[in-house]
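In: just need the structure, nothing else, for what follows:
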Amino acid sequence: MTIDERKTGTTGVIQNLILENRGKLNISGVLDVLSFDDQVVVVETELGLLTVKGENIRINKLSIDTSEVIVEGEISYLAYSDKETEKVKGNLISKIFK
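Out: Here you go, the predicted model:
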């Protein structure tokens, strides 16, 4: 199967999330890492914002060239959200804590 055959019909974007034993998450299709700490990582992807939550979270690999991020730790939560909604929330929160 070629890459073109794997593209989705609506977006034309390929994105993979590979979670290994709730301890290692490989994410492809990454545009930017918006925020991170030891409990939450927010990643901007081609399909929306991805929030990863857990304990002792760390970014093990970040490659913008290959659009990949590897997150390790005790992962307990993954969720996509709309880019515009999260950016508004993020801007409001960042204004409060500045």
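In: each with direction, which strands does the longest strand along the chain pair with?
Out: Secondary structure of the chain read by DSSP state E shows that its longest strand is strand 48-63. Sheet pairing for strand 48-63, assigned by DSSP bridges, gives strand 40-45 (antiparallel), strand 68-81 (antiparallel).
In: show me what contacts the residue nearest the centre of the chain?
Out: Centroid-nearest residue in the chain, with Cα atoms, centre = their mean: V43, separated by 3.4 Å. The contact partners of V43, taken as Cβ atoms under 8 Å, 6 or more residues apart in numbering, are 27, 30, 32-34, 49-52, 69. For glycine as for every other residue, the C-beta is placed from the backbone atoms N, C-alpha and C.
In: tell me which residues touch D82, please.
Out: 48-49 are the contacts of D82 under Cβ under 8 Å, 6+ apart.
In: what pLDDT is listed against it?
Out: On the pLDDT scale, D82 is placed at 75.
In: and what of V13?
Out: With respect to pLDDT, V13 scores 77.
In: same check, this time on the one 3 residues further on
Out: Predicted confidence (pLDDT) for N16: 93.
In: which of the residues in stretch 44-58 are buried?
Out: The neighbour-count check on stretch 44-58 (16 or more other Cβ atoms under 10 Å) flags 44-45, 48-54, 57 as buried.
In: and that stretch, how far from the chain's centre?
Out: On the basis of Cα atoms, centre = their mean, to the nearest Å, stretch 44-58 sits 4 Å off its chain's mean C-alpha point.
In: what pairs with the spatially closest residue to V43 that is not a sequence neighbour across the strands?
Out: Nearest residue to V43, sequence neighbours excluded (Cβ to Cβ, 6 or more residues apart in numbering): L50, at 4.7 Å. Beta-bridge partners recorded for L50 (DSSP bridges): V43, Y80.
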